[in-house]
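**Student:** Show me how the following folds:
(2 chains)
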There are 2 protein chains.
Amino acid sequence: MRIVIDTMGSDLGCGEIVSGALDAVRELGVDVTLVGDAALIRPVVEASKLDAEIVDCPETVTMEDDPISVRSGKKGCSMVTAFKLLRDGKADAAVTAGSTGAAITAATLYVHRIRGVRRAALATVMPVNGGVILVDSGANVDCTPEFLLQFAYMGSFYARSVFSKPEPRVGLLNIGAEDTKGDELHLAAHKLLSEAEGLRFVGNVEARYVTADACDVIVADGFSGNVMLKSMEGVGKFFSAELKKQLSSSLISKLGGLMVRDKLYALKKLMDYREVGGAPLIGISAPVIKAHGSSNARAIKNACRQAKLYTEGHVIPDIAACIDRMKVEA
Amino acid sequence: MRIVIDTMGSDLGCGEIVSGALDAVRELGVDVTLVGDAALIRPVVEASKLDAEIVDCPETVTMEDDPISVRSGKKGCSMVTAFKLLRDGKADAAVTAGSTGAAITAATLYVHRIRGVRRAALATVMPVNGGVILVDSGANVDCTPEFLLQFAYMGSFYARSVFSKPEPRVGLLNIGAEDTKGDELHLAAHKLLSEAEGLRFVGNVEARYVTADACDVIVADGFSGNVMLKSMEGVGKFFSAELKKQLSSSLISKLGGLMVRDKLYALKKLMDYREVGGAPLIGISAPVIKAHGSSNARAIKNACRQAKLYTEGHVIPDIAACIDRMKVEA
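**Tutor:** Below is the predicted model:
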């Protein structure tokens, strides 16, 4: 399996991405094509003594660029180049840590959606209860009930194939459990999901129960999905920092803290997005994984693992085969 | 100061609410009027040997009732009765742990909004960084930009008067920091907030930075505000449970855990909504505090403290005095 990796446009720079890609070559047995500034990539690859194809393309789409720039001003950037290699069959999957908006736009424009899929979405795996899949975690701020229905099916196929959950429980992120809760979008989506065939819909799920094993897949519009994800990230960080502060506040707690250090590390790891690595752009016709903008080498290696699992799990053909169920009559 | 307390419709039952109210009498020096089933209330009051006025009204609006029922079928319920006593000047503030939807509807119908305020909102105090105020945390799922502007002013006055923050920083909950982020509602609200006089607007704030001292007031539509609040609650619980699990997984970590127990308890307390007690229905013309549906006695006592601070902080006259700034020309 060959993974094409966009090495530009992330927070920690090209070298960190290349290191992670090389770790993936070493540990996961994948081949990689590295797209970006060859002058930065080559020394890292040579030092590693590993095989990696390099495609020189220093132009970068940044977090500040308008995502639509991938169609015009930035159409020669490393992300677009990587996605075109994927589209043309020169790789089996693509990984980028660049701008989310640009990734969604470029994947839709150059790799294309699966026929019948209305919108690609970010399917983020939350590291709780063996992996809870959140679709959409931020790609689509404005959604229709049909989008949410499609997110539900796509997330369900992903959970089944990659997380070995034969009948994944699908919940709708809402502000109360009752059928009557939420705004118009969520009321209409609830109705569609209740009537959907081949989907194990468990109803509305409040954000506080997502971490309490209420479902395997949580369906959300991109706005509230993103708010949930980032809230969890924020509280995780806050909790870790406060814990550290509390544990260093006296001699006895420092000593106790040392004794529980490994356990606390295990807990921190559990909450760490870098362990998951990335989120597939679900609904795109070839595997594209969006890694966190602040990804370090470990996160990139794990994103390559995600890419491998997503590809081998044939999520995309599963979605394509069921597309008729995922349409709402106008 | 007299606080009228609706003792019905909460998860833990009337007795728990009455106990909390009596703790408030004892510790905060307030007078209380207890509305609910006198047969349940009287024995608890008599056992306490404290003074408390009892208004017999066993009818209850439940979490399952349609909120609008407070206008017709449930117009004689304890919550409505309590709010009417407040409106008629028989009390200075009201506390309820009943249904949020019913509380907002009943407060709007019977106590009324401050003249010019479009919607009352839940102003929840998140127990981080000395109290971050979230408006709206769940009362209004469908919002206009003007609602969000009003939430910003109201939250700001609350932070100033009750939390002694002379120039509270106001952020808009959004999915990215850049001005161009979000859906139509948030783009329009951002513009209004940027132009608002007498408001220290610090721009869009992502959910992950709300716990990192990015602002003193976070403005949200009720849907995403509720998602944020409940996400934080869920992760807090998840983290506590995992911590407990990790610390009891070996003899040495158990011992270490014992040594840090007090510190961990302090941390847990920091994340506990029962410490805050309740959220004012901001925008209502008299102080109404909505306590959590699962409030125990301690939460109710703390809700009474909130009621006292909110009333003494004259948030309501402050809002009324500035109402002209809070209007958007049609």
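**Student:** near chain B at all, stretch A:132-152?
**Tutor:** Yes: counting by CB under 8 Å from any CB of the partner chain, chain B is contacted by stretch A:132-152 at A:Gly138, A:Val141, A:Asp142. (C-beta placed from N, C-alpha, C; glycine too.)
**Student:** ok, how many other residues are close to the second one?
**Tutor:** Counted with other CB atoms under 10 Å in any protein chain shown, the burial measure for A:Val141 works out to 22 neighbours.
**Student:** can I assume it is in contact with A:Asp221?
**Tutor:** Yes: taking contact to mean CB atoms under 8 Å, the distance of 7.3 Å between A:Val141 and A:Asp221 places them in contact.
**Student:** how many other residues sit next to the residue nearest to A:Gly76 when sequence neighbours are not counted?
**Tutor:** In this structure, A:Gly76 finds its nearest non-sequential neighbour in A:Glu59, 5.2 Å apart by CB to CB, 6 or more residues apart in numbering or on different chains. As a burial measure, A:Glu59 scores 17 neighbours (other CB under 10 Å).
**Student:** Look up how far A:Ser72 lies from A:Glu59.
**Tutor:** Between A:Glu59 and A:Ser72 the distance, using CB to CB, to the nearest Å, works out to 13 Å.
**Student:** Same check on A:Val44?
**Tutor:** A:Val44 sits 31 Å away from A:Ser72 when distances are taken as CB to CB.
**Student:** more neighbours, these two?
**Tutor:** Ranked by neighbour count (other CB under 10 Å), A:Val44 and A:Ser72 place A:Val44 first, with 20 against 8.
**Student:** Which of the helices or strands spans that one?
**Tutor:** In this structure, A:Val44 sits in helix A:38-48 according to DSSP states H and E.
**Student:** What are the neighbouring residues in contact with A:Pro67?
**Tutor:** A:Ser99, A:Gly101, A:Ala102, A:Ile104, A:Thr105 (CB atoms under 8 Å, 6 or more residues apart in numbering or on different chains).
**Student:** Distance-wise, check the spatially most central residue of chain A relative to A:Gly225.
**Tutor:** By CA atoms, centre = their mean, chain A has its centre lying nearest to A:Ala279, at 1.1 Å. For A:Ala279, the distance to A:Gly225 equals 11 Å [CB to CB].
**Student:** In this model A:Val288 seems to touch A:His112, though I could be wrong.
**Tutor:** No: between A:His112 and A:Val288 there is no contact under CB under 8 Å: 11.0 Å.
**Student:** Neighbour count: these two, which is higher?
**Tutor:** When A:His112 is set against A:Val288 and neighbours are counted by other CB under 10 Å, the residue ahead is A:Val288, at 32 against 14.
**Student:** Assign a three-state SS to the residue nearest to the centre of chain A, would you?
**Tutor:** Reducing the assignment to helix, strand or coil with DSSP: H, G, I helix; E, B strand; the rest coil, the entry for A:Ala279 is strand.
**Student:** Can you pull the poorly scored residue ranges out of chain A?
**Tutor:** Low-confidence regions of chain A, defined here as pLDDT under 70, cover residues A:263-276, A:330.
**Student:** by how many degrees do the longest helix seen in it and helix B:222-247 diverge?
**Tutor:** Counting residues, the longest helix found in chain A (DSSP state H) is helix A:222-247. Using axes from the mean of the first three to the mean of the last three CA atoms, to 10 degrees, one finds that helix A:222-247 and helix B:222-247 are set 40 degrees apart in direction.
**Student:** Show me the domain layout of chain A.
**Tutor:** Domains of chain A are assigned by automatic domain parsing as A:1-117+A:283-330, A:118-276.
**Student:** Apart from its neighbours in sequence, what residue is nearest A:Gly293?
**Tutor:** Spatially, and ignoring its direct neighbours in sequence, A:Gly293 is nearest to A:Asp11 (5.2 Å; CB to CB, 6+ apart).
**Student:** What segments of chain A are strands?
**Tutor:** Ranges of strands within chain A are A:2-6, A:31-36, A:53-56, A:93-96, A:121-126, A:132-135, A:169-173, A:200-205, A:217-219, A:278-282, A:288-291, based on DSSP state E.
**Student:** Around chain B, which positions in the stretch 1-150 of chain A sit nearby?
**Tutor:** When proximity is defined by CB under 8 Å from any CB, the stretch 1-150 of chain A lies next to chain B at A:Glu64, A:Asp66, A:Val128, A:Gly138, A:Val141, A:Asp142.
**Student:** what's the closest of those residues to A:Ala159?
**Tutor:** Minimum distance to A:Ala159 across these is 13.5 Å, recorded for A:Val128 (CB to CB).
**Student:** neighbours around that closest one, how many?
**Tutor:** The number of residues packed around A:Val128, counting by other CB under 10 Å, is 18.
**Student:** coming back round to it: mind checking the backbone torsions on the residue nearest to A:Gly293?
**Tutor:** Backbone torsions of A:Asp11, given as degrees, to the nearest 10, read phi -70, psi -40.
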